[in-house]
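Undergrad: sequence and predicted structure, then a few things I'm wondering about:
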Amino acid sequence: MRIVNEQVIARHLAAIKGPSPLIVVAGNFATPWELVRLLDASLASCRALVLNPQSGWPCRDGFTTETPFVGPGARSDPRLVYLPMRLSLVPRLFDSVWPPDAVLIHTSPPRNGKVSLGIEVNILPAAIERVRRNGGLVIAQCNRNMPYTTADAVVDVADIDLALEVDGPLPSPVAERPDPTSTSIADQVTRYAIDGATIQLGIGQVPDIAAHFLGSRRHLRVWSEMVSDGVLHLERAGALDLDRAICASFIFGSQELYAWADDNPRLVMRRTEVVNDPGQIAAQPALLSVNTALQVDLFAQANASYVGSRIYSGFGGQPDFVVGALHSDGGHAVVALRSWHDKSGTSNIVPVLSVPVCSFQHSVVVSEHGPAEIFGRSQRAQAQLIIERVADPRARAGLSEAAERLASEALTVR
């Protein structure tokens, strides 16, 4: 690894061959913004693969954002290329149809010949390995504020070509004040966690609040794509099993959380292929998977990706964890959502989804009105439970009529 200035990095980026090279960039709150700025300025045309790009992400002709999980920085980009695939499978892209030409990462400063990817591991180890085999570039933005996390987060400096030293605080998500609806949903969700359970909490207000309700449990384990401030709360509440490592792939939270993660021997950062492997997930005892959705239909299919015809996020790890949780001994795959969308005045429980399905066959669907335990139920019984226990009362009559119509149509199909 050679420490250089911006001009040297710009020259190397500009020298990447090809009409539109593929650059893999660290995403979420580990985005190396100085390197992104240099990339944007150095290449007239490129493809940037990133997870959950944040506000400020480049949006211009020639700069194509490709992602399996859309973030706020790319939702309004008309050039966006969405990749509809489970997160566990994304690393396979690098060994098949999309070999990267360069990887831009955000790391800690070197320690004993190694740096840490800190709060963002995810798909980056696979991208680094592939680009090294191809003879491409690995460029690091080294930051003294990046927590030093271990396991798959550690990268040998010999695998990094160039580094730019830029110290600055890492961004954090905007804290949202809990509202009564989210609090009610979270309370319902946590009833499915027993002492000794393993928890996975996705992105969103409901999973964050759920962690606070879980503070009274004991010997909980964490096997989760993401670690947020909720896990820190569980640690301080004495809810976690101190003999078990906290396993995650990225960290999404406050400055206090980042400080807790730094040099924390209980936190083990693993690559996407491990954390999101449904087989590995299924091996965790009593895994409670909590994910949110925008809509659920009467077939218990969840939409967590689209608002109308517009892509909002993507599959992410939801289908990986739904499958894994269902095969976990004592596990539950919970999908949580508000029953009603206030701005549009419409039900979030719909007869049939009109957009691509993100996940299905959950064990429980939860709204502020309560849970529908649907595992093992017939199609008709499942629909009735969702209507009676999850849907907003304003929508129940219409949904019941739709359920009868769908049942009649199914019986007349030849």
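TA: Yep, it's here.
Undergrad: report the rounded mean pLDDT for the longest helix along the chain.
TA: Criterion DSSP state H: the longest helix present in the chain is helix 393-412. Over the span of helix 393-412, the pLDDT mean works out to 88.
Undergrad: same question, stretch 93-109
TA: In this model, stretch 93-109 has a mean pLDDT of 94.
Undergrad: show me what counts as buried in that stretch.
TA: Using 16 or more other CB atoms under 10 Å as the burial criterion, the residues of stretch 93-109 that qualify are 93-94, 98, 100-109. All C-beta spots, glycine's among them, are computed from the backbone N, C-alpha and C.
Undergrad: repeat that for stretch 315-328.
TA: 315-326, 328.
Undergrad: may I see these arranged in TSV, with distance to L22, secondary structure and pLDDT as well?
TA: Listed next are the buried residues of stretch 315-328 as TSV, based on distance: CB to CB, whole Å; DSSP: H, G, I helix; E, B strand; the rest coil; pLDDT from 0 to 100:
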residue	distance to L22	secondary structure	pLDDT
F315	20	coil	89
G316	21	coil	90
G317	22	coil	93
Q318	25	helix	94
P319	25	helix	95
D320	24	helix	96
F321	28	helix	96
V322	30	helix	96
V323	29	helix	96
G324	30	helix	97
A325	33	helix	97
L326	35	helix	96
S328	36	coil	98
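Undergrad: tell me where the model's unsure across this structure.
TA: For the chain, the stretches flagged by pLDDT under 70 are 410-414.
Undergrad: tell me the spacing between the residue nearest the centre of the chain and A286.
TA: Nearest to the mean C-alpha position of the chain, by CA atoms, centre = their mean, lies G316 at 5.1 Å. G316 sits at a distance of 23 Å from A286 (criterion: CB to CB, to the nearest Å).
Undergrad: what's the longest helix of the chain packed up against?
TA: Applying 3 or more CB pairs under 8 Å, 6 or more residues apart in numbering; DSSP states H and E, one finds that helix 393-412 contacts strand 346-347, helix 379-389.
Undergrad: just name the most buried of these.
TA: For the helices and strands packed on helix 393-412, the largest average neighbour count (mean count of other CB atoms under 10 Å) is found in helix 379-389, namely a mean of 18.
Undergrad: convert that one to PDB, retaining C-alpha atoms only.
TA: Output of helix 379-389 as PDB, limited to C-alpha atoms (Å, rounded to 0.1, in the frame of the first residue of the first chain):
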ATOM      1  CA  GLN A 379     -54.400 -20.500   1.800                       C
ATOM      2  CA  ARG A 380     -57.900 -19.600   2.800                       C
ATOM      3  CA  ALA A 381     -57.100 -19.600   6.500                       C
ATOM      4  CA  GLN A 382     -53.900 -17.700   6.000                       C
ATOM      5  CA  ALA A 383     -55.800 -14.900   4.100                       C
ATOM      6  CA  GLN A 384     -58.500 -14.700   6.800                       C
ATOM      7  CA  LEU A 385     -55.900 -14.400   9.600                       C
ATOM      8  CA  ILE A 386     -54.100 -11.600   7.700                       C
ATOM      9  CA  ILE A 387     -57.400  -9.800   7.200                       C
ATOM     10  CA  GLU A 388     -58.700 -10.200  10.700                       C
ATOM     11  CA  ARG A 389     -55.600  -9.600  12.700                       C
END
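Undergrad: how far does it sit from the chain's center?
TA: Relative to its chain's centre, helix 379-389 lies at 29 Å (CA atoms, centre = their mean, to the nearest Å).
Undergrad: what's the angle from it to helix 393-412?
TA: Helix 379-389 runs at 170 degrees relative to helix 393-412, counting by axes from the mean of the first three to the mean of the last three CA atoms, to 10 degrees.
Undergrad: run through the neighbouring helices and strands of helix 379-389.
TA: strand 370-373, helix 393-412.
Undergrad: distance to H332 for the ones you listed - can I get that in TSV?
TA: As requested, the helices and strands packed on helix 379-389 are arranged in TSV below (distance: least, CB to CB, whole Å):
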stretch	distance to H332
strand 370-373	9
helix 393-412	24
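Undergrad: which of those sits most buried?
TA: With neighbours taken as mean count of other CB under 10 Å, the helices and strands packed on helix 379-389 reach their highest mean count in strand 370-373, at a mean of 20.
Undergrad: and that one, what does it pack against?
TA: Contacting strand 370-373 under the criterion 3+ CB pairs under 8 Å, 6+ apart are the following elements: helix 180-189, strand 364-367, helix 379-389.
Undergrad: kind regards, and thank you for your time.
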